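[1] Quick one, structure for this:
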Amino acid sequence: MTAKRINELDGTPGRKVWFHYWDSRITYQTSYLARLNYVMNNAVKHGLVDVATAYPWCSARWFEREASDSFQATVLGFKVGQLNLQDDYDLEEAYKNKQAELNKIKKKEEYC
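    Predicted coordinates for the structure are as follows:
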């Protein structure tokens, strides 16, 4: 099920659930494995942690613990720099946006 389909079922076509999100279907195993490596190492790429397993909201620790050594080697062997994925995440901008969102919530709570 895709986000587009859920929006159709909710009667909210065009609703954006995620900032900078696009819906796609991965059809090749190699694409899936390369993206898995990319996602697990995204916090490292953005300087949040030195190693993926140190990021508490990532499945990298589970992956390291549960996946076979050969599967880990396969996934981690994919070069994520060759992926053509939009990723202009700006940590400072995200922090400012989150602070603004929290301030709005705080103001609403003050009026209740």
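
[2] what's the burial count for residue 50?
    Per other C-beta atoms under 10 Å, the neighbour tally for residue 50 reads 10. From N, CA and C alone the C-beta is placed, and that goes for glycine too.

[3] Contacts only, for residue 75.
    33, 36-37, 40, 63, 67 (C-beta atoms under 8 Å, 6 or more residues apart in numbering).

[4] gap between it and residue 52?
    Note on residue 75: its distance to residue 52, by C-beta to C-beta, to the nearest Å, is 11 Å.

[5] so what sits against both of the two?
    The contact sets of residue 75 and residue 52 overlap at residue 40 (C-beta under 8 Å, 6+ apart).

[6] mean confidence score for stretch 103-112?
    Confidence for stretch 103-112, expressed as mean pLDDT, is 75.

[7] Also stretch 72-88?
    On average, stretch 72-88 scores 73.

[8] what do you get for stretch 54-66?
    Per-residue pLDDT values over stretch 54-66 give a mean of 93.

[9] Show me which positions of that stretch end up buried.
    Across stretch 54-66, burial judged by 16 or more other C-beta atoms under 10 Å covers 55, 58, 60, 63.

[10] mind checking the end-to-end distance for that stretch?
    For stretch 54-66, the first-to-last residue distance is 16 Å (C-alpha to C-alpha, to the nearest Å).

[11] go on, stretch 45-61?
    With C-alpha to C-alpha as the measure, stretch 45-61 spans 17 Å from end to end.

[12] just the helices in this protein please.
    Assigned by DSSP state H, the chain shows helices spanning 3-10, 29-40, 42-45, 60-66, 69-76, 91-111.

[13] Turn these into CSV, columns for distance to residue 16.
    Listed next are these as CSV, based on distance: least, C-beta to C-beta, whole Å:
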stretch, distance to residue 16
helix 3-10, 9
helix 29-40, 20
helix 42-45, 20
helix 60-66, 28
helix 69-76, 30
helix 91-111, 14
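
[14] got the contact list for the residue nearest to the spatial centre of the chain?
    By C-alpha atoms, centre = their mean, the mean C-alpha position of the chain lies nearest to residue 39, the distance being 6.1 Å. Applying C-beta under 8 Å, 6+ apart, we find residue 39 in contact with residue 58.

[15] Perfect, I'm done here.
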